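Student: Have a look at this fold, sequence not included:
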């Protein structure tokens, strides 16, 4: 006459081992029975033929535990508590992101940064030890910046001001003149961004971003912001002269002569003068980034910069 076998599984702290697999096997039977421990660590087998039996309990993170008994006909056998010990040969599997994958996640956060929730603030990293960008990611950042709707809108305003003040008179007036001014202004944006922010940084292994400091004395932060007009962080994490930004400004200025009207083209002296003005503007923008912009930038990462 068949009987039943029940029992409870606990760990060494006395807590129930939930979901453990328990197998009941008998020497005189070709098949075995299986059960799962419930929320109290209890398991139960019914309709068990009488005779000797063996129990084996298994659970992730624990060493298998066995017990034996002998079931009499019609008996309801309650086994002593089975205590599972933590396995000593558990293999820990750690999945770590590559540097490029980390940089991509950080870049996604950067591309959501907007001053007052509108104006792109993509070229600022609020993570001081951010992973270096790959060449593909540098081009991604440049592309994202140049095709942003705000960039098109600002370019339109610049072209409108130029037309209203008679700037680049060689382009003429009317819709055609405005179109030429718009194309030139957008060309300046694209060449400056891609040459100084993607092409040269990729070739020279430099990072085109401004790394927010946010710590230290006011004087140290002012000097840091100004210095970042002429230095940058390399992909190796070391600070170095900003060859990419400086050479990029010179190259963009030279290329602009290809589409500027006669009488408005820059000679070498004016190109270097414009470079000096541009470095001053960059230093001013860096000061704003260091002391003002973060307060008005949305989606800033929660992690604080390191000193």
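Tutor: Yep, that arrived. Nothing here was measured: the structure is a model prediction, and the numbers come from that model.
Student: contacting residues around residue 194?
Tutor: 139, 142, 146 (Cβ atoms under 8 Å, 6 or more residues apart in numbering). From N, CA and C alone the C-beta is placed, and that goes for glycine too.
Student: helix, strand or coil for the residue sitting nearest the centre point of the chain?
Tutor: The residue lying closest to the centre of the chain (Cα atoms, centre = their mean) is residue 105, at 1.7 Å. Recorded secondary structure, residue 105: helix (DSSP: H, G, I helix; E, B strand; the rest coil).
Student: Could you verify my assumption that residue 45 touches residue 36?
Tutor: No. Between residue 45 and residue 36 there is no contact under Cβ atoms under 8 Å: 11.6 Å.
Student: which one of the two has more residues nearby?
Tutor: Counted by other Cβ atoms under 10 Å, residue 45 and residue 36 do not tie: residue 45 has more neighbours, with 22 against 11.
Student: Tell me the bridge partners for the nearest residue to residue 33 once chain neighbours are set aside.
Tutor: Nearest residue to residue 33, sequence neighbours excluded (Cβ to Cβ, 6 or more residues apart in numbering): residue 24, at 4.6 Å. Using DSSP bridges, the beta-bridge partners of residue 24 come out as residue 33, residue 55.
Student: buried ones in stretch 54-67?
Tutor: Across stretch 54-67, burial judged by 16 or more other Cβ atoms under 10 Å covers 55, 56, 57, 59, 62, 65, 67.
Student: Select from those residues every entry located in strands.
Tutor: Among those, the residues falling in strands (DSSP state E) are 55, 56, 57, 65, 67.
Student: What is the neighbour count of residue 9?
Tutor: For residue 9, the neighbour count with other Cβ under 10 Å is 27.
Student: ok, and it, which helix or strand is that part of?
Tutor: strand 3-11 (DSSP states H and E).
Student: Sort out which residues of that strand are buried, please.
Tutor: Per 16+ other Cβ under 10 Å, strand 3-11 contains these buried residues: 3, 5, 7, 8, 9, 10, 11.
Student: what comes into contact with it?
Tutor: 16-17, 20, 22, 24, 37, 40-48, 50, 53, 55, 57, 59, 62, 65, 67, 69, 71-86.
Student: Could you list the low-confidence segments of the protein?
Tutor: 89-94, 302-307 (pLDDT under 70).
Student: still on that earlier bit, would you mind listing the residues in contact with the residue nearest to residue 33?
Tutor: 5, 32, 33, 34, 35, 45, 48, 53, 54, 55.
Student: Can you give me the distance of it to residue 47?
Tutor: Going from residue 24 to residue 47 by Cβ to Cβ, to the nearest Å gives 11 Å.
Student: same check, this time on residue 131
Tutor: Going from residue 131 to residue 47 by Cβ to Cβ gives 61 Å.
Student: Spell out the residue ranges of the helices in the chain.
Tutor: Along the chain, the segments classed as helices by DSSP state H run 99-110, 135-146, 149-165, 174-194, 200-204, 218-227, 243-256, 268-288, 294-296.
Student: Residue 125 is nearest to which of the ones you listed?
Tutor: Minimum separation from residue 125 across the helices of the chain (Cβ to Cβ) falls at helix 99-110, 6.5 Å.
Student: isn't residue 36 right up against residue 23?
Tutor: No. Look at residue 36 against residue 23 with Cβ under 8 Å: they stay out of range, at 10.9 Å.
Student: which residues touch stretch 250-264?
Tutor: 168-171, 180, 183-184, 187-188, 191-192, 195-196, 200, 265-266, 271-272, 274-275.
Student: Give me the contact list for stretch 273-290.
Tutor: 124, 210, 212-214, 221-222, 224-226, 228-230, 245-246, 249-250, 253, 266.
Student: Next, the buried residues of it.
Tutor: Buried residues in stretch 273-290 (16+ other Cβ under 10 Å): 274, 275, 278, 279, 282, 283, 285, 286, 287, 289, 290.
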